[in-house]
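> let me see the structure of the following:
(one chain, ligands or ions: 1)
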Amino acid sequence: MPAPKPEVLDFLLHRRSRPAKTLGLPVPSPDQLQPILTAALRTPDHGKLEPWRLIVLARGAMGRLVRLAETRADALGLDDERRAKGRSQFEASHLAVVVVASPKPSDKVPAIEQTLSAGAACLGLLNAAEAAGWGANWLTGWPAHDRAFLREGLGLEDHEFVAGIVHIGTETIAPPDRPRPDVASLVKWVSE
Ligand SMILES: Cc1cc2nc3c(=O)[nH]c(=O)nc-3n(C[C@H](O)[C@H](O)[C@H](O)COP(=O)(O)O)c2cc1C
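Next up, the predicted model:
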């Protein structure tokens, strides 16, 4: 049995996101981000298909994405609230990592399992960022589901999609934790 790592278990018992709009400067440097990305991609992956890839959005990319979100909101006829939501995550962000689900053709590994692996990479990214002392938040929003935004803004191919846009930065305030699940009501033990 591997040696217990109580500090790691304690971390997992208390890990939490920080709202993207409360994340400020500084953000991780490329060198600081590298182990976080490496940890994120050390994710369970049935068949070693690597059905994901990452796009790091630096501050310089955000203005272009804000403008594209505006253009797409016009094209889609979105109301002011939806328009502002689509824009705001890029407006407020200094650094984000897009986890792109990039499914691979496989007779053995169903598409859903490849999607789950991409989701696991998102959680790995969140946890690694927090473990490294940063705040992070996993968002999507309508632009993450808009094919034109994905193609023009992020260069995704048509078979690819966004599993998550994980914003990373420095915590400025610590809002109260959200209520957590009642574990007993969600776990069933089966013994025979
Ligand atoms: C796939 C996915 C997409 C999400 N997209 C959004 C979003 O667009 N906007 C939002 O406010 N929260 C979104 N959330 C929820 C946030 O990540 C939220 O902060 C998170 O559930 C808090 O969880 P934690 O504190 O356990 O990390 C999303 C969560 C998941 C799993």
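
> got the residues of the chain near the ligand?
By the rule Cβ under 6 Å from any ligand atom, the part of the chain lying against the ligand is 16-17, 126, 137-141, 164. Backbone N, C-alpha and C define where each C-beta goes, glycine included.

> hang on, residue 169 is in a helix, isn't it?
No: counting by DSSP: H, G, I helix; E, B strand; the rest coil, residue 169 is located in no helix; its state is strand.

> my guess is it contacts residue 97. True?
No: between residue 169 and residue 97 there is no contact under Cβ atoms under 8 Å: 11.5 Å.

> quick one, helices of this protein?
6-14, 30-41, 59-76, 80-92, 111-131, 147-154, 183-186 (DSSP state H).

> out of those, nearest to residue 24?
helix 80-92 (9.4 Å; Cβ to Cβ).

> show me which positions of the closest one end up buried.
Within helix 80-92, the residues that count as buried by 16 or more other Cβ atoms under 10 Å are 83, 85-90, 92.

> can you tell me the residue of this structure closest to the ligand?
residue 17 (3.3 Å; Cβ to the nearest ligand atom).

> pretty sure that residue sits against residue 134.
No: the pair residue 17 / residue 134 is not scored as a contact, 11.1 Å apart, by Cβ under 8 Å.

> do you know how far the residue sitting furthest away from the middle of the chain is from residue 186?
Distance from the C-alpha centroid of the chain, by Cα atoms, centre = their mean, peaks at residue 192 (38.5 Å). Look at residue 192 and residue 186: by Cβ to Cβ, to the nearest Å, they are 21 Å apart.

> I am finished for the moment; much appreciated.
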